[in-house]
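Student: Requesting a structural model of the entry that follows:
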Amino acid sequence: MNLPEKIVNEMYNNDAFSQWLGIKIVAVSEGYCKLKLTIRKEMLNGFQIAHGGIAYSLADTALAFASNTRGKKCISMETSISHTECVQNEDVLTATTEELSQTKKTGLYLITITNQDNTEVAFFKGTVYRTSKDWFSEDE
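Tutor: Sure, this is the predicted structure:
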């Protein structure tokens, strides 16, 4: 298992919320993560469409995983989301990250969320702070 996979597996195994949401890891590499989630009835709001917080949570998890894959512990500083289409019960959402910028102290990411028809349903932008703390020591 390579370092990005090791880090994301460690994060996911300790992330009860992402597990409860049913998030599945599709792909991981340095600065990149792709996740999937199937919308369930309990994720719907009063309009019988997915609560906006579900797409937000999926994207936030993708941001966390992607930004941490380079070995330094990162935390989010600023995030925002734009919803472009309604999400229905049983839709399968895919969050795909794009690392726009990475410096010694910050990272900027765009997460695109699509449904099972490859329709873009939301765009999430996130900025993270890159700490000096390593995920694993050299001998792990």
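Student: drop to CA atoms for contacts and neighbour counts, all remaining ones
Tutor: Fine.
Student: in this structure, which spans are strands?
Tutor: Here the chain has its strands, by DSSP state E, at 24-29, 32-38, 72-83, 92-102, 106-114, 120-134.
Student: Not counting sequence-adjacent ones, nearest residue to the residue nearest to the spatial centre of the chain?
Tutor: With distances taken as CA atoms, centre = their mean, the residue of the chain nearest its centroid is residue 62 (1.2 Å). Excluding its sequence neighbours, the residue lying closest to residue 62 (CA to CA, 6 or more residues apart in numbering) is residue 33, at 6.0 Å.
Student: thinking the one you found is in contact with residue 9, fair?
Tutor: No - Residue 33 is beyond contact range of residue 9, at 11.8 Å (criterion: CA atoms under 8 Å).
Student: out of those two, which sits in the busier spot?
Tutor: residue 33 (27 against 16; other CA atoms under 10 Å).
Student: so what's the more buried one bridging to?
Tutor: The partner list for residue 33 in beta bridges (DSSP bridges) reads residue 28.
Student: And it, how far from residue 110?
Tutor: The gap separating residue 33 from residue 110 is 11 Å, by CA to CA, to the nearest Å.
Student: how many neighbours does the closest residue to residue 122 other than its chain neighbours have?
Tutor: Spatially, and ignoring its direct neighbours in sequence, residue 122 is nearest to residue 83 (4.3 Å; CA to CA, 6+ apart). Residue 83: 15 surrounding residues under other CA under 10 Å.
Student: hmm, back to that, okay, and the common contacts of residue 33 and residue 110?
Tutor: Residues touching both residue 33 and residue 110 by CA atoms under 8 Å, 6 or more residues apart in numbering: residue 97.
Student: Could I get the pLDDT score of residue 127?
Tutor: pLDDT recorded at residue 127 is 98.
Student: what does residue 137 give?
Tutor: On pLDDT, residue 137 comes in at 80.
Student: List the residue ranges of this protein that fall below the pLDDT cut-off.
Tutor: 138-140 (pLDDT under 70).
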